[in-house]
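K.L.:
Let's see this in three dimensions:
(one chain, ligands or ions: 1)
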Amino acid sequence: MAPADMHRPVQIIINPHSGYGGNRQKLLSLRSAFRERGLRSVEYVTTCAGDATRYARAVAPKTSVVVVWGGDGTANEVANGLAGTGVPMIPCPVGTENLLAKELRIPSHPRRIAEIVAAGQTVDCDLGRINDRNFLMIIGIGFDAEVVRRLSSQRTGHISHLSYFWPMWRTFWEHDFPRMRIVADGEELFKDYALAFVGNISRYATGLRICRDARFDDGLLDLVVFPCREQSALLLHAAWTLLRLHPLKGGVIYRRVHRVRIETDRPSHCQVDGDLGPNTPVDISVAPEKIKLMVPPQTNGWTFWPWRGGA
Ligand SMILES: [Mg+2]
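P.N.:
Residues are numbered from 1 along each chain as shown. Got it, this is the predicted structure:
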């Protein structure tokens, strides 16, 4: 674990539309924290979807670390650009949910972020693959993807937790649960009405731990299938998930898998790391490449496991 290479600059990729991404004061503090530690930084402000991936890929050969100053969607984009390059990234909690930053326990204070960058401790993180695109955190098929679709169709800029209320309310009453066929590692696991998730980390929006036992470094993805055809079943699943007991209840399937194919009786939306992804059918697997993540010193993969002290 070498400290960050002082000869190469730290790249800060800024998404000005994420929660605090456009917060000038925080950004100023980050710049001066890097300067105080003798770290040269270069900034890039994204302008459209896909921009962060292109930029990260282009600057990887001349960069010590990429600081993601945005939300989970920006982290996903940067990871797609850095996959397999060996250049680490650090996701900062300046978006709405910040699932990855929370999983890694990245603090929000700029001075602490600079400390972590200067210390230079990294871990290898698995990447998932859905069709031809990488993901880092979690995929949802069915209900939550419909919420994301409704939200993105009316999104004009920065979103907050409140932005999800009406899309969720309307989806709750109007969603028609698809019938799914789920084949994991060559075995047909499920064929009925459901919503499903495939995750690389334990965290999900609003503090839920859908992929409760997921570890990002075990070379496997956690598959969770909630059999569900109506609102009452969904509420029950939500209650057990809140208590983190859902793998034991209501016929829920919880498996660790290498690859999974999900087909539905009609095209269904998928959300990928919080953004709208492809429609079903989808093939999801562990990608051959890994991504390096910068983490606070003295942490390892086990620390992130929820039952071993994960917050
Ligand atoms: Mg895993």
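K.L.:
Just give me the residue right at the centre of the protein.
P.N.:
residue 137 (3.0 Å; CA atoms, centre = their mean).
K.L.:
So that residue is in contact with residue 273, correct?
P.N.:
Yes - if you go by CB atoms under 8 Å, residue 137 and residue 273 touch, sitting 4.7 Å apart. No exception for glycine: its C-beta is placed from N, CA and C like everyone else's.
K.L.:
which neighbours do the two share?
P.N.:
72, 75-76 (CB atoms under 8 Å, 6 or more residues apart in numbering).
K.L.:
Which of those residues fall in helices?
P.N.:
Counted as lying in helices by DSSP state H, out of the shared contacts of residue 137 and residue 273, are 72, 75-76.
K.L.:
Neighbour-wise, give me the winner out of these.
P.N.:
residue 75 (31 neighbours; other CB atoms under 10 Å).
K.L.:
nearest residue to that one other than its sequence neighbours?
P.N.:
residue 91 (4.3 Å; CB to CB, 6 or more residues apart in numbering).
K.L.:
Near residue 96, how many residues? Count them for me, please.
P.N.:
With other CB under 10 Å as criterion, residue 96 counts 19.
K.L.:
does it sit in a helix, a strand or a coil?
P.N.:
Put simply, residue 96 is coil when judged by DSSP: H, G, I helix; E, B strand; the rest coil.
K.L.:
That one reaches residue 161, doesn't it?
P.N.:
Yes - here residue 96 reaches residue 161: they are 6.6 Å apart, a contact under CB under 8 Å.
K.L.:
Could I get the buried residue list for the strand or helix carrying residue 167?
P.N.:
Per DSSP states H and E: residue 167 is located in helix 165-174. Buried residues in helix 165-174, counted by 16 or more other CB atoms under 10 Å: 167-168, 171.
K.L.:
With only the CA atoms kept, save it in CSV.
P.N.:
Output in CSV follows, covering the C-alpha atoms of helix 165-174 (Å, rounded to 0.1, in the frame of the first residue of the first chain):
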residue,chain,number,x,y,z
PHE,A,165,-42.1,10.1,-2.7
TRP,A,166,-44.6,10.5,-5.6
PRO,A,167,-42.9,8.1,-8.0
MET,A,168,-42.9,5.5,-5.2
TRP,A,169,-46.5,6.2,-4.2
ARG,A,170,-47.8,5.9,-7.7
THR,A,171,-45.7,2.8,-8.4
PHE,A,172,-47.0,1.2,-5.2
TRP,A,173,-50.6,1.4,-6.4
GLU,A,174,-50.1,0.9,-10.1
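K.L.:
got a list of contacts for it?
P.N.:
By CB under 8 Å, 6+ apart, helix 165-174 touches 143, 146-148, 150-151, 154, 231, 234.
K.L.:
switch to 10 Å and redo it
P.N.:
With contact meaning CB atoms under 10 Å, 6 or more residues apart in numbering, helix 165-174 is reached by 142-155, 164, 206, 231, 234-235.
K.L.:
Next step: those restricted to helices.
P.N.:
Per DSSP H, the contacts of helix 165-174 map to helices at 143-154, 231, 234-235.
K.L.:
Generate a ChimeraX selection restricted to the buried subset of the residues you listed.
P.N.:
To isolate in ChimeraX the members of these that are buried, counting by 16+ other CB under 10 Å, one can use:
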select :143,144,145,146,147,148,150,151,234
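K.L.:
tell me the least confident of the ones in helices among the contacts of helix 165-174?
P.N.:
pLDDT across the ones in helices among the contacts of helix 165-174 is lowest for residue 154, at 73.
K.L.:
Not counting residues beside it along the chain, what's closest to that one?
P.N.:
Closest to residue 154 by CB to CB, 6+ apart is residue 167, at 7.7 Å.
K.L.:
Cheers, nothing more for now.
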